[in-house]
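Engineer: got a structure for you, letters missing:
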């Protein structure tokens, strides 16, 4: 089991930056529950609904956790929403004090944004699954993570990181996304894709984007096909 420096079970804070529609949550559980699969054995998760629920932890409260996960979101880090500004401040302080951070999709973009990188809007959504080439030696040395040199990851984003922060290390790239994984030191790992998404959940989100008019029927078909062509690992 994962333990903190004091020997107790490690505590993990999730800054949950989205909430699922009721119809999707009924089928797949809450958005926060998706992140349970990213926990090591014995880790305990505390979810803060920072976006929809306005449940913003203080910096002192967040500092007591062994590590922090920053979730995905349909929002953009450059939007002028109060919860985004406050969450950016919290994430920047986590980075400054070298707290362990795992940042995913919107979370990865937020890390890049607050650390001096650049986040931009693409012409169209990237959805489905893509093979990602990984710097496996660096991942193992910095984060004690053993992965194959190529790993399929679910993608669900329209914003992308087009410039990394100064001092960041590129750890993974895909054909459509050069900055797929990057690190700040050995305490921050940022991933543009979604290791927490199952293929079934990704397919549901594709349907949802199609219903809302965010994605064309043709793009949705290509995205679904990619989940079959590049099946992501998921229990």
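Structural biologist: All right, it came through fine. These numbers were taken from a predicted model, which means no experiment stands behind them.

Engineer: Strands along the chain, start to end?
Structural biologist: Under the criterion DSSP state E, the chain contains strands at 11-16, 44-49, 67-70, 100-104, 118-134, 150-163, 169-174, 181-184, 188-191.

Engineer: Include mean neighbour count, distance to residue 35 and mean pLDDT when you put these into a markdown table, please.
Structural biologist: All C-beta atoms are positioned from the backbone trio N, CA, C, and that covers glycine. Formatted as a markdown table, the strands of the chain follow (neighbours: other Cβ atoms under 10 Å; distance: least, Cβ to Cβ, whole Å; pLDDT from 0 to 100):
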| stretch | mean neighbour count | distance to residue 35 | mean pLDDT |
| --- | --- | --- | --- |
| strand 11-16 | 23 | 5 | 96 |
| strand 44-49 | 17 | 7 | 94 |
| strand 67-70 | 24 | 6 | 97 |
| strand 100-104 | 23 | 8 | 98 |
| strand 118-134 | 18 | 19 | 94 |
| strand 150-163 | 21 | 14 | 96 |
| strand 169-174 | 20 | 20 | 98 |
| strand 181-184 | 24 | 17 | 98 |
| strand 188-191 | 25 | 12 | 98 |
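
Engineer: Dump these to TSV, plus distance to residue 34.
Structural biologist: Shown next, in TSV, are the strands of the chain (distance: least, Cβ to Cβ, whole Å):
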stretch	distance to residue 34
strand 11-16	10
strand 44-49	11
strand 67-70	11
strand 100-104	10
strand 118-134	16
strand 150-163	11
strand 169-174	21
strand 181-184	19
strand 188-191	14
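
Engineer: Looking at those strands, which is nearest to residue 214?
Structural biologist: Ranking the strands of the chain by proximity to residue 214 (Cβ to Cβ) places strand 118-134 first, at 6.6 Å.
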